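1. Got a sequence here, can you model it:
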Amino acid sequence: MVCRLTELLVDSHWRVVIIGAGQAGLSAAHYLWRDGLKPGRDFIVLDASDGPGGAWRQRWESLTLGSTNHIADLPGFPLGAPDPSVPASEIVTDYYSRYEQELELCVVRPAEVAHVTSDDAGAGPLKLTVMLDGERVHLTSDYLINATGTWTHPYVPYVPGIAEFEGKQLHTAQFREVEDFRGLRTLVVGGGISATQFLLELATVTDTLWATRRPPNFTAREFDGNWGLEVERAVRSRTLAGLPPASVVRTTGLPLRREFLDGVESGVLVSRGMFDEILPHGVHFPARPAEEAVTSEGLGPSHSDRLALPQSWQPFPEERIEEFDVIFWNTGFRAALNHLAPLHLRTREGGIAMDTEVAVRDDHRIFLVGYGSASSTIGATRAGRIAARELLKRLETTADGGSAGQSPAPSTATADGRTAEPPADTAERTNHENLSAQAAGTEAAGSNAATARPDESVPAVALDAVPQAQRRAGATVSSAPAAE
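-> Purely as a prediction, here's the structure:
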């Protein structure tokens, strides 16, 4: 069920508003529903996309669930075994659509939240300004679950001369198919899994060169369950301290897959270091002896005192200019939180201090799901469940005479900041619950574009100085350090 009830939203008030209908947002909606809150009456889900699927609906056709990480099941609604030949965008869009209909979540879309404000810091109703059907609509809520993900906030590091390049520039979010690169010499920038996969694909149609700021973070560590827990623990330690999450690959590392080892041996997956200037037809690489790098500066489980694959790091020993037709930025994404900028949640370090994995320390009305350690598909589902439980406790406090935003008794938390949850019943312990017995929930990926205050985000150059292709992608061009 899709709701387009503009006339009912105008000046309306809700106990809870969920922004984003990807995995985390749908998961939170499920657990609120399961515990008695009714969608369309007690809470509402706003999503900026034109239809279901979250960020997955924007993925390129060659990306399938056989070539990427497994997508976590929505609560009570297992996906089953997807056809590896069908694009992931089609499978997930259909999956999320059936889920929304089964739960009658009444997702309102396309509804882009421009900004969220408050008359009283940390207390009272939150005021949302929403663009709906071309109109600016205002509504209020007692609590907010933010599940806007990262896909709508692509990140491009600032490099001198970026606006002068006369070739084509694009970000991962703009990629459509390999054939678009045929015969065009391409500079692939970034050290993550996307960059390595694209390099191997592009090598079949054109000449490429790989640029990274650090040595590629290949790791010999087995990617097992303990590894996943250590990754989340490392990311969580930063968010609890109010630091911005580190890049994904710096924490996870790159697996030593056979195709990656072959790519290094062939020279395709060999980084030449990072350029320091972009020219009209190429880039300038400074001299950088390979001996400078001893480690890849990995965090958490990917940390090591030596390079796992030293032959993948061969920066140019002498300065040189390389010419390119295309610069392909695989430099990641940042949390899409600009609409929350008026609430001044960010610390001086640029992150948002968290009490738990989902609860914002300085504003007890706000929950962030799909942020930090909860940005993985498994983490997003868990975050939705935890956020719903913590929010329901606060609603009980309000019903007992407290006020919205008032912090309830502190939740029991583990040493690393995770909420210590009570023993789950059988239905919650398995991803194969019967939906007729209890409802399901998913992850969130909405989009919310608003200009952040200078003290709320990393300084960025004016977008009118950015090449047109990047402006279309909505990429943040930042003066923060360049790609991994």
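
2. which stretches of the stretch 151-300 of the chain have low pLDDT?
-> Residue ranges of the stretch 151-300 of the chain with pLDDT under 70: 221-232, 234-237, 239-241, 245-252, 290-300.

3. One more pass at 90, please.
-> The stretch 151-300 of the chain contains residues with pLDDT under 90 at 151-153, 173, 176-177, 192-194, 214, 217-257, 288-300.

4. show me where it has helices.
-> 193-202, 225-240, 248-252, 258-266 (DSSP state H, counting those that start in this stretch).

5. What helix or strand is Thr397 located in?
-> Assigned by DSSP states H and E, Thr397 belongs to helix 377-399.

6. Any buried residues in that helix, and which?
-> 377-392, 394-395, 397-398 (16 or more other CB atoms under 10 Å). All C-beta spots, glycine's among them, are computed from the backbone N, C-alpha and C.

7. Please apply the same query to stretch 311-323.
-> Ser312, Trp313, Gln314, Pro315, Phe316, Glu322.

8. in the sheet, who's paired with the second one?
-> Beta bridges link Trp313 to Ser271, judged by DSSP bridges.

9. pull the longest strand from this protein.
-> Ordering each strand of the chain by length in residues (DSSP state E) puts strand 135-146 first.

10. who does it pair up with?
-> For strand 135-146, pairing defined by DSSP bridges yields strand 12-19 (parallel), strand 126-132 (antiparallel), strand 366-368 (parallel).

11. Report the buried residues of it.
-> Buried-residue list, strand 135-146, by 16+ other CB under 10 Å: Val137, Leu139, Ser141, Asp142, Tyr143, Leu144, Ile145, Asn146.

12. Against Pro75, how distant is the last one?
-> Same thing as Asn146. Distance, Asn146 to Pro75, using CB to CB, to the nearest Å: 19 Å.

13. And for the fourth one?
-> Relative to Pro75, Asp142 is positioned 24 Å away (CB to CB).

14. picking up where we left off before, other SSEs contacting the helix holding Thr397?
-> When contacts are defined as 3 or more CB pairs under 8 Å, 6 or more residues apart in numbering; DSSP states H and E, helix 377-399 packs onto helix 23-34, strand 135-146, strand 366-368.

15. show me where the stretch 51-200 of the chain has strands.
-> 107-108, 111-117, 126-132, 135-146, 155-157, 168-171, 186-189 (DSSP state E, counting those that start in this stretch).

16. okay, the angle between the longest one and helix 23-34?
-> Spelled out, that is strand 135-146. Counting by axes from the mean of the first three to the mean of the last three CA atoms, to 10 degrees, strand 135-146 lies at 80 degrees to helix 23-34.

17. Ala114: how many residues sit nearby?
-> 16 (other CB atoms under 10 Å).

18. Make TSV from the strands of the stretch 51-200 of the chain and add distance to Thr212 to it.
-> Putting the strands of the stretch 51-200 of the chain into TSV (distance: least, CB to CB, whole Å) gives the following:
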stretch	distance to Thr212
strand 107-108	39
strand 111-117	34
strand 126-132	38
strand 135-146	31
strand 155-157	12
strand 168-171	16
strand 186-189	8
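
19. Can you tell me how far Cys106 is from Gly167?
-> With CB to CB as the criterion, Cys106 and Gly167 are 46 Å apart.

20. likewise Met131?
-> Counting by CB to CB - Met131 and Gly167 are separated by 34 Å.

21. Those two - which one has more neighbours?
-> Under the neighbour definition other CB under 10 Å, Met131 and Gly167 were set side by side, and Gly167 has more, 19 against 16.

22. Pop out the phi and psi values for the closest residue to that one other than its chain neighbours.
-> Nearest residue to Gly167 in three dimensions, chain neighbours excluded: Asp325, at 4.8 Å (CB to CB, 6 or more residues apart in numbering). Main-chain torsions, Asp325, degrees, to the nearest 10: phi -90, psi -30.

23. what residues are up against Asp325?
-> Residues near Asp325 by CB atoms under 8 Å, 6 or more residues apart in numbering: Gly167, Lys168, Leu184, Arg185, Thr186.

24. Can you give me the first-to-last residue distance of stretch 312-328?
-> End-to-end distance for stretch 312-328, by CA to CA, to the nearest Å: 19 Å.

25. My error: substitute stretch 288-304 in the last question.
-> Terminal residues of stretch 288-304 lie 22 Å apart, using CA to CA.

26. what's the answer for stretch 72-89, then?
-> Counting by CA to CA, the terminal residues of stretch 72-89 are separated by 15 Å.

27. buried residues in it?
-> Quick answer for stretch 72-89 (16+ other CB under 10 Å): Ala72, Asp73, Leu74, Pro75, Gly76, Phe77, Pro78, Leu79, Pro82, Pro87, Ala88, Ser89.

28. so of these, which ones are in helices?
-> Cross-referencing these against helices under DSSP state H gives Ala88, Ser89.

29. Okay, now the unreliable bits of the stretch 351-484 of the chain?
-> Judged by pLDDT under 90, the stretches of the stretch 351-484 of the chain that qualify are 351, 353-357, 370-385, 395-484.

30. All the helices of the stretch 301-450 of the chain, residue numbers only.
-> Using DSSP H, counting those that start in this stretch, helices in the stretch 301-450 of the chain cover 377-399, 426-429.

31. wait, which of these is closest to Ala24?
-> Evaluated over the helices of the stretch 301-450 of the chain, closeness to Ala24 peaks at helix 377-399, with 3.8 Å, by CB to CB.

32. What's the separation between Tyr158 and Asp142?
-> Applying CB to CB to Tyr158 and Asp142 gives a distance of 40 Å.

33. How about Leu74?
-> If you go by CB to CB, the gap between Leu74 and Asp142 works out to 26 Å.

34. for Glu357, same thing?
-> 21 Å.

35. again, but for Leu105
-> Applying CB to CB to Leu105 and Asp142 gives a distance of 19 Å.

36. Kindly tell me how buried Asp207 is, as a neighbour count.
-> Neighbour tally, Asp207, other CB under 10 Å: 14.

37. show me what contacts it?
-> Listed by CB under 8 Å, 6+ apart, the contact set of Asp207 reads Arg185, Thr186.

38. and if we set it to 7 Å?
-> By CB atoms under 7 Å, 6 or more residues apart in numbering, the contact list for Asp207 reads Arg185.

39. hmm, back to that, per-residue confidence averaged over the longest strand of the chain?
-> If you average the pLDDT over strand 135-146, you get 94.

40. and what of stretch 32-42?
-> Mean predicted lDDT for stretch 32-42 stands at 90.

41. distance between the ends of it?
-> So stretch 32-42: terminal residues 9 Å apart, CA to CA.

42. quick one on the thing from earlier: would you turn the buried residues of stretch 311-323 into TSV with pLDDT?
-> Below are the buried residues of stretch 311-323 laid out as TSV (pLDDT from 0 to 100):
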residue	pLDDT
Ser312	94
Trp313	94
Gln314	93
Pro315	94
Phe316	95
Glu322	98
